[in-house]
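Participant: sharing a model that was predicted from the sequence below.
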Amino acid sequence: MRVLLTAAATAALVVSGPLTATAAGQGPQGPVGGDLLTTKPTVVADGATPPAVQASAYVVADIDTGEVLAAKAPHAKLRPASTLKTLTALVLLPRLKKSDVVTGTDADAGIEGSKVGVYPGLRYSVDLLFEGMFLASGNDAVHALCAHDQGGVKGTIQRMNQKAKEIGALDTTVTDPTGLDADGQYSSAYDLALFAKAGLARPDFAEYASTKYTAFPNVGNKGTYQVANQNKLLFNYDGALGVKTGYTTLARNTFVGAARRNGHTLVVTLMNAPHGITEDATNLLSWTFKNYDQLNPVGTLVKPAAPPPKTAAGPAEKKTDSGTAQPPRSRTVLNPGQAVQSLALRIPAWAYAGPPVLLLGLFLRRPRALRRRRH
């Protein structure tokens, strides 16, 4: 009897595999953006020879069409440094009111890495803090903005990871919104291009990214000091739109730049470069603009997943124990064939083995009962 039950359980496990796979609709998929966009060396159209760069990975793409025109190890997971702030901005910009006033704290001023000069007790508009984040890559400004939003830094990290998934940036894992070398924090040249594309579609993001100078208040209200954008592309390249630079010891130099010429808007992202990253970005942009008509796309920047449609009078959101909103369950109408298939997939695999095992048990027990009656 035990042997038969073991065999039945094994059969149930074998059945559960195909059922789960069919229900999820999963199958082997290629790299995001196209089969050519792997972690391998330089990928370009046949016959094209882009300039040599020192970065370990890069992507050049047209953000209007979404076409990737050249790439090198685009999905290699590398440390993003402050270029991750492009994703931070994507999350915070639609959530914070630019005219809100934020008072600096000791936690803001004491943060590690690059700072724009947020001092405890001084008052800053959200607008000015965004300028400090974009221009000076101020980690203190990022901390102040995150602390001003609901959920603080932890809430921002959670939303950043969610946003990355929504726009197809599957190489990205966020553990620190400033971009510092936190454990487990990675992105890719491809994902940075997605962040730039989504960001530049927002007028406020584009304005911050292209701002060359701003002024920050001194301690004691003793005037202001000038803050210049660290992205040298803005000062040296015709049509430059700026975006974001980055550097840490482990990430080395990282870069997100964009420019518009001849009716085309290109973005270039580079990661893990020893030095001269602005020059490399300039050379890649100039080469792509010059050869644009002869270049064939090698991939695409994927479009963000469409949000679920909102009903006019749907059920209200429920609150979890932590206070976060939980959307109501969706209801899908199925035709009869789909309904039967869906019902079959919802039944656990072990249930299919239940009836045969039950019948087998009754059959084996029946002779014993009969023998007892004869005696």
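Facilitator: Everything's here; your move.
Participant: residue ranges of the helices in the stretch 101-250 of the chain, please?
Facilitator: Listed in chain order, the helices found in the stretch 101-250 of the chain under DSSP state H, counting those that start in this stretch are 106-109, 126-135, 139-148, 152-166, 189-200, 203-210, 233-236.
Participant: can you give me the neighbour number for Leu250?
Facilitator: Residues within reach of Leu250, counting by other Cβ atoms under 10 Å, total 11. Backbone N, C-alpha and C define where each C-beta goes, glycine included.
Participant: ok, it to Gln185 distance?
Facilitator: Using Cβ to Cβ, to the nearest Å, one gets 10 Å for the distance from Leu250 to Gln185.
Participant: Asp280 now?
Facilitator: Between Asp280 and Gln185 the distance, using Cβ to Cβ, works out to 23 Å.
Participant: now for the protein, the helix or strand with the poorest mean pLDDT.
Facilitator: Taking mean pLDDT, DSSP states H and E as the measure, the chain has helix 2-24 as its least confident helix or strand, at a mean of 34.
Participant: what about the helix or strand just after that one, distance to the chain center?
Facilitator: Beyond helix 2-24 on the C-terminal side, the first helix or strand identified by DSSP states H and E is strand 57-62. In terms of Cα atoms, centre = their mean, to the nearest Å, the centre of strand 57-62 is found 17 Å from the chain centre.
Participant: before we move on, what about stretch 141-155?
Facilitator: Using Cα atoms, centre = their mean, the offset of stretch 141-155 from its chain centre is 18 Å.
Participant: now the common contact residues for Leu250 and Gln185.
Facilitator: Shared contacts of Leu250 and Gln185, defined by Cβ atoms under 8 Å, 6 or more residues apart in numbering, comprise Arg79.
Participant: remind me which residues of the stretch 251-375 of the chain are low pLDDT?
Facilitator: Of all residues in the stretch 251-375 of the chain, those with pLDDT under 70 make up the ranges 306-375.
Participant: verify the stated contact: Asn291 with Gly47.
Facilitator: No. Asn291 is beyond contact range of Gly47, at 10.0 Å (criterion: Cβ atoms under 8 Å).
Participant: who's more crowded, these two?
Facilitator: Asn291 (16 against 8).
Participant: residues touching that one, list them.
Facilitator: Applying Cβ under 8 Å, 6+ apart, one finds that Asn291 lies in contact with Ala48.
Participant: same thing with the one 4 residues further on?
Facilitator: Taking Cβ under 8 Å, 6+ apart as the contact definition, Leu295 lies against Val44, Ala45, Ala48, Leu69, Ala70, Thr288.
Participant: give me the spatial nearest neighbour of it, chain neighbours excluded.
Facilitator: Leu69 (4.8 Å; Cβ to Cβ, 6 or more residues apart in numbering).
Participant: wait, the one you found sits on Ala61?
Facilitator: Yes. Between Leu69 and Ala61 a contact is recorded at 6.3 Å, counting by Cβ under 8 Å.
Participant: joint contacts of those two?
Facilitator: Counting by Cβ under 8 Å, 6+ apart, the residues touching both Leu69 and Ala61 are Leu266.
Participant: with neighbour numbers in mind, choose between these two.
Facilitator: Applying other Cβ under 10 Å to Leu69 and Ala61 shows that Ala61 carries more neighbours, namely 32 against 27.
Participant: surely that one meets Pro74?
Facilitator: No. Taking Cβ under 8 Å as the definition, Ala61 is not a contact partner of Pro74, at 9.5 Å.
Participant: and for Lys165, the neighbour number?
Facilitator: 13.
Participant: run through the residues that contact the closest residue to Arg79 other than its chain neighbours.
Facilitator: Closest residue to Arg79 in three dimensions, ignoring its sequence neighbours and counting by Cβ to Cβ, 6+ apart: Ala251, at 3.6 Å. Contacts were defined as Cβ under 8 Å, 6+ apart; by that measure Ala251 touches Leu78, Arg79, Pro80, Ala81, Gly179, Asp181, Met271, Asn272.
Participant: pick out whichever of the residues you listed sits closest to Ser99.
Facilitator: Ser99 lies nearest to Gly179 out of these, by Cβ to Cβ, at 26.5 Å.
Participant: could you find the closest non-adjacent residue to that closest one?
Facilitator: According to Cβ to Cβ, 6+ apart, the nearest residue to Gly179 is Leu84 (3.7 Å).
Participant: again, but for Gly299
Facilitator: Counting by Cβ to Cβ, 6+ apart, Gly299 lies nearest to Gly34, which is 3.3 Å off, once chain neighbours are set aside.
Participant: next, that neighbour: phi, psi?
Facilitator: Gly34 has phi and psi values of phi 140, psi 150 when expressed as degrees, to the nearest 10.
Participant: what's the neighbour count on it?
Facilitator: Here the neighbour count serves as a burial measure; for Gly34 (other Cβ under 10 Å) it reads 18.
Participant: so who does it touch?
Facilitator: With contact set as Cβ under 8 Å, 6+ apart, Gly34 has these partners: Val68, Val298, Gly299, Thr300.
Participant: how close does it sit to Gly66?
Facilitator: Between Gly34 and Gly66 the distance is 11 Å, computed by Cβ to Cβ.
Participant: overlap in contacts, these two.
Facilitator: Residues touching both Gly34 and Gly66 (Cβ under 8 Å, 6+ apart): Thr300.
Participant: not counting residues beside it along the chain, what's closest to the most centrally placed residue in the chain?
Facilitator: Using Cα atoms, centre = their mean, the residue of the chain that lies closest to the mean C-alpha position is Ala164, 1.9 Å off. Residue nearest to Ala164 in three dimensions, not counting chain neighbours: Thr172, with 4.2 Å by Cβ to Cβ, 6+ apart.
Participant: who touches the one you found in this structure?
Facilitator: In this structure, Thr172 makes contact with Pro80, Leu87, Asn161, Ala164, Tyr186, Ser187, Ser188, Asp191, judged by Cβ under 8 Å, 6+ apart.
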